[in-house]
Each structure stands twice: as structure tokens, then as C-alpha cells.
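> This is the structure alone, sequence omitted:
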DNA sequence: ACTTTAATGATAATGATTATTAATTAGTAA
DNA sequence: TTACTAATTAATAATCATTATCATTAAAGT
């Protein structure tokens, strides 16, 4: 059960991508990340952005979730939750760790070793709830 | 705020799709639903399956969520949770309504009108946790 | 400086989902 | 029963986010 540690390299591409995600409070898609980073590294390609985002997510350095057939990335790996508006798709953060903690502590699933919980509130944002 | 009620029709395609989802405890993709239903209605197409699945999900008659770039459907709309194995992708059900109830009741989000919660436990199933 | 191999850039390929459109058909009313 | 209307279908093409391929480049250790 010894997992061979593939050593990673801190390329400027990866560093810039990471830095961008940390600087932002949104939940950008790969393309949005690309649009931001390409300003600093004109030669970077979308494929490289995807590669690095997956790499970072696998290492647990960023979060990744799917919505509307797109991956969204989050530089904040602290235990938080999301609200997604069913109408406009806007994603906002909720920082209530007790909700995740409760879920994990109450889970009774003998055949499953839960590492973390994804909690998404589905509903309507202020702007869309009156429609 | 009067939403025009588009009247739907109970086509045999829709009925068979619904019946299949109710008969199963898995979380099939559109293609899996197609493979099952095409045995009874050989002329049905994948596009029709997609159309109906979206239709049923929009009406709240089935649940729908994304995983591994695919939509998964669930004929059970009761408040339950899911466990997804990070390794093999297996999805299993958890029926602990109190977890969802707690999350919804504790949520403090002034600008968001939450209708329901999606709770997904990420980890490893028995078979994969020993690897 | 030299070596190793992870990572990149360029590009093609993949594959789930959606759009289009003419033909059907469920549901309703005559 | 028959006719009517619009929802739905089957067939098919198109979309587009993501992934694969591969020759080249460049981190990071020696």
C-alpha cells in the first residue's frame, strides 16, 4: 500500500494558475482560468490549464466540482458549502463548517469510508427568487 | 408570477422511462436508461430519452446529478444522500433524512432561498478502500 | 553542465449532450 | 367517431467541454 510519489514540478504555468485561484472568490471554469492566466503567459494552452487543474485537485490543493456540464474550481479548500441558483446558475459560498461536520459525523455507511462531504444548496438567489 | 403550465403528454416513451427508473436502485446515465428502454420500444432514440429525463427532472419527478461528466438519474425523490467512490465511481444511497434536514435548517444565507440540499459523501467503497 | 522525466504547446480526437425538422400522436372538443 | 392542435417523436447533424497524442522543452537533482 505504498503509493509511489510522483514528483511534481513547480512550473510557472502551475504557479500562476494556483495564484489566480487563490486570488479569486468565484468558482471559475477551466476556460475562465485560462483567460486570466493567458494574459501573463501568452503561450499557455487550454490543455495545460486542464492538466494543471486536475493535478492540483488530485493533490487536494484546490476543489473541483461539476455544474452545468462544466468543471468549476475553487482555490479555497477549507470546509465550506455552496449555493447554486437554479435559474441563473450563480454559485456562492457558505462558511458553516458545522453543517459538513454534522453530516460526516452522523453518516452510518458500513461499506464506505467517507473522506469529505460535498454540500450544495439548490434554490434561488435573491435576484431570481422573485421571478 | 403565474407560470404558464405547459401540458405534458403521457407518451409510452415517457411512461417506460419513468417505470424503469422506479424499478431500479441504481443511478443510471441517460445511455443506461436508453439501453433498458430500447428493449421495449425498439424505435426510441437517445435524444428522446434525454428529452424525457430532463422533462421529468424539471417537474421534480426524478432527481438528476452530474458525476464524471455524465448526468445520473434517480427515480427516488425522497430526501436521501449519496456516497461516491473516488476510485471506482460507484454510487450508493444513504437514507438519513436528518442529515439533509439539519443542513437546510442551519443554513444562514440571507440572499438565497434554498429549496433542497444535495449531499454527496466522497471517499472509498469497501472494495477500493484497501488499495 | 548533464541527466532524467515531468510538463508544455499544438493539434486532433472523443463523446456526452443538444439542436433541427419533418412526421407522429396524445388529449381534447366537436 | 372524427377532427384539431400542439406536444412529442425519430433521425440526424451539430456543439463544445474535455482528453489524447506526441515531439519538444525545461524543472530539479547529481
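Sure, I can see it. Keep in mind it's a predicted model, so treat the numbers as computed, not measured.
> Run a quick neighbour tally on residue A:24.
By other CB atoms under 10 Å in any protein chain shown, 16 other residues sit near residue A:24. For the C-beta atoms, the positions are set from N, CA and C on the backbone; glycine is no exception.
> if I look at it, how far off is DNA strand C?
Between residue A:24 and DNA strand C the distance is 19 Å, computed by CB to the nearest atom of the strand, to the nearest Å.
> burial of the closest residue to residue A:46 other than its chain neighbours, as a residue count?
Leaving aside its chain neighbours, residue A:46 sits nearest to residue A:34 (5.1 Å; criterion: CB to CB, 6 or more residues apart in numbering or on different chains). Other residues near residue A:34 come to 21 when the count uses other CB under 10 Å.
> in which helix or strand would I find residue A:34?
helix A:30-37 (DSSP states H and E).
> Quick check: the residue nearest to residue A:46 touching residue A:52?
No - using CB atoms under 8 Å, residue A:34 makes no contact with residue A:52, being 10.4 Å away.
> And the helix or strand of chain A with the lowest mean pLDDT, what does it pack against?
For chain A, the helix or strand with the lowest mean confidence is helix A:126-129, at a mean of 90 (criterion: mean pLDDT, DSSP states H and E). Helix A:126-129 makes packing contacts with strand B:112-125 when contacts are defined by 3 or more CB pairs under 8 Å, 6 or more residues apart in numbering or on different chains; DSSP states H and E.
> in its sheet, what does the strand it packs on sit against?
Take DSSP bridges as the rule and strand B:112-125 pairs in its sheet with strand A:112-125 (antiparallel), strand B:81-85 (parallel).
> Could you single out the most deeply buried of those strands?
With neighbours defined as mean count of other CB atoms under 10 Å in any protein chain shown, the strands paired with strand B:112-125 peak in mean count at strand B:81-85, which reaches a mean of 22.
> Just the residues contacting it, thanks.
Under the criterion CB atoms under 8 Å, 6 or more residues apart in numbering or on different chains, residues A:103, A:109, A:112, A:114, B:27, B:65, B:67, B:90-96, B:99-100, B:119-125, B:128 lie in contact with strand B:81-85.
> and that strand, how far from the chain's centre?
Relative to its parent chain, strand B:81-85 has a centroid offset of 12 Å by CA atoms, centre = their mean, to the nearest Å.
> what mean pLDDT does it have?
Mean per-residue pLDDT for strand B:81-85: 96.
> ditto for stretch A:57-71
For stretch A:57-71, mean pLDDT rounds to 96.
> ok, and for that stretch, which residues are buried?
Buried positions in stretch A:57-71, judged by neighbour count with 16 or more other CB atoms under 10 Å in any protein chain shown: A:57, A:62, A:63, A:65, A:71.
> DNA strand D contacts on chain A?
Selection of chain A residues close to DNA strand D by CB under 7 Å from any atom of the strand yields A:9-12, A:29-31, A:46-47, A:50, A:54, A:69-71.
> List the buried residues in the least confident helix or strand of chain A.
In terms of neighbour count (16+ other CB under 10 Å), helix A:126-129 has its buried residues at residue A:128.
> Residues contacting it, please?
With CB under 8 Å, 6+ apart, helix A:126-129 has contacts from A:85, A:86, A:87, A:88, A:123, B:110, B:111, B:112, B:113.
> Apply 10 Å and report the result again.
Applying CB atoms under 10 Å, 6 or more residues apart in numbering or on different chains, the contact partners of helix A:126-129 are A:85-90, A:123, B:109-113, B:115.
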